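Asks: just to be clear, the model below is a prediction. Sequence and coordinates:
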Amino acid sequence: MSGFVFSEKPIRIDSGSGVTLTDEGGTDYLDFGASYACTPLGHCHPAVTEAVQHQAETLTYVQASYPVSARDELYERLADLAPGDIENVWLCNSGTEANEAAIKFARSATDNTKIVATTRGFHGRTAGALSATWKKKYKTPFEPLMGDVEFVPYGDEEALAEAVDDETAAVLLEPIQGEGGINPASEGYLQAAREFTDEAGAALVFDEIQTGLGRTGTLWACEQSGVTPDILTSAKGLANGLPVGATLVADWIAADAGPHGSTFSGGPVICAAANSTLSTLVDEEIPAHAAEMGEYLTSELAKKVGDNVRDIRGEGLMIGVEVKRGANRMLRDLALDHQILALPAGRTVVRFLPPLVIEEEHADAVVDALAEILQ
């Protein structure tokens with residue numbers, strides 16, 4: 001019996017190394033999607049592989065009420081790397097779980113229920129996170145979902161100010177919208193969100209599941225705006241391809257977060273992978289490299305395809321190219337004719353989320369392929 005949730009692509013992947021995936025027939029593909037930003041260091045990074053192997057030989061699993069070194073190290077590392085004065089960490093298995101926890105923690109800490117989210121926002125597929133996700137396609141089959149969620153246009157400060165009131169538990173935002181089309185926040189928008197939530201006593205939650213871990217040129221995208229949230233969620237690339245999520249919270253949230261838990265919170269093997277991923281990102285200055293490569297890629301795209309597309313936008317190596325015809329057809333041509341894997345972000349945006357370790361030669365290959373397809 002086969003799976004039934006995902007539609008399968010006509011490429012069966014057998015192995016991966018660095019920025020390359022290889023199919024069963026031995027064809028190499030340049031991975032410019034990184035499975036939705038899940039492998040920032042590239043596939044089978046040796047440091048992560050070694051850390052996983054060592055931990056698996058020592059202790060595979062024990063539940064989180066028993067302290068273990070790998071988990072303690074990850075708690076401390078994430079607290080040190082979190083923006084501002086955030087020092088409290090809750091671990092889970094995915095981004096949607098991290099956002100689910102953020103909603104619950106904010107509701108408990110504020111004793112309010114209202115969540116303000118944005119149009120075109122995506123925060124996951126569990127019931128609470130799905131309620132704060134905009135697209136009806138994802139929600140309609142499962143309604144009714146969690147209530148008391150109000151959506152406002154992304155980037156509209158006036159609408160946000162009107163929505164945030166004394167009954168608001170949290171404002172939930174992506175610093176750059178991913179699934180919604182690679183939409184960066186407008187100048188001053190995140191600062192305004194900080195002011196409005198402070199005035200209302202609500203929590204400001206930044207969903208950095210796709211933007212975090214160096215993807216936009218700094219470890220966290222919110223660093224570029226100088227805004228520290230009350231809650232920050234992380235996942236995807238946190239363990240370079242292994243399943244993990246983290247909800248990082250300020251002291252006032254942690255003090256009254258309410259009863260919450262997860263059987264596999266902070267499994268030792270996953271924590272070992274995350275520790276190795278984070279240490280490599282920092283020690284090898286990968287975010288700065290992502291900023292450099294992102295600037296190179298966007299400038300080359302602008303020079304060679306800029307006149308044939310509607311827009312090129314994003315930060316670092318989170319780049320969206322809005323095309324004049326369907327994105328899915330272009331993605332098919334990139335994969336089958338040029339052996340380049342990328343992603344959609346809506347119907348008209350080709351999304352590039354490559355491993356952060358790409359070099360100019362990889363960027364050149366993508367630009368040349370896209371230029372040929374557009375011609």
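Replies: That came through, no problem.
Asks: how many neighbours does the closest residue to A192 other than its chain neighbours have?
Replies: The spatially closest residue to A192, leaving aside those adjacent along the chain, is E157, at 4.5 Å (Cβ to Cβ, 6 or more residues apart in numbering). Backbone N, C-alpha and C define where each C-beta goes, glycine included. Using other Cβ atoms under 10 Å, E157 has 17 neighbouring residues.
Asks: tell me the confidence at E157?
Replies: On pLDDT, E157 comes in at 98.
Asks: dump the residue contacts of it.
Replies: 188-189, 192 (Cβ atoms under 8 Å, 6 or more residues apart in numbering).
Asks: of those, just say which sits nearest to K236.
Replies: Y189 (23.1 Å; Cβ to Cβ).
Asks: okay, now the closest residue to the closest one other than its chain neighbours: neighbour count?
Replies: Leaving aside its chain neighbours, Y189 sits nearest to G155 (5.4 Å; criterion: Cβ to Cβ, 6+ apart). Neighbourhood size, G155 [other Cβ under 10 Å]: 20.
Asks: wait, what's in contact with G155?
Replies: With contact set as Cβ under 8 Å, 6+ apart, G155 has these partners: 183, 185-186, 189.
Asks: mind running it again at 7 Å?
Replies: By Cβ atoms under 7 Å, 6 or more residues apart in numbering, the residues touching G155 are 185-186, 189.
Asks: pull out the buried members of the residues you listed.
Replies: 185, 189 (16 or more other Cβ atoms under 10 Å).
Asks: nearest to N240, out of the contacts of G155: which one, please.
Replies: Within these, the smallest distance to N240 is 26.8 Å, found for A185 (Cβ to Cβ).
Asks: tell me who's in contact with the residue lying closest to that closest one once chain neighbours are set aside.
Replies: Using Cβ to Cβ, 6+ apart and skipping the chain neighbours, the partner closest in space to A185 is P175 (5.8 Å). By Cβ under 7 Å, 6+ apart, the contact set of P175 is 185, 190, 206, 208, 211, 221-222.
Asks: which parts of the protein are helices?
Replies: All helices of the chain, identified by DSSP state H, fall at 34-37, 46-58, 69-81, 95-110, 127-131, 136-139, 157-163, 189-200, 251-254, 268-283, 286-305, 327-338, 360-374.
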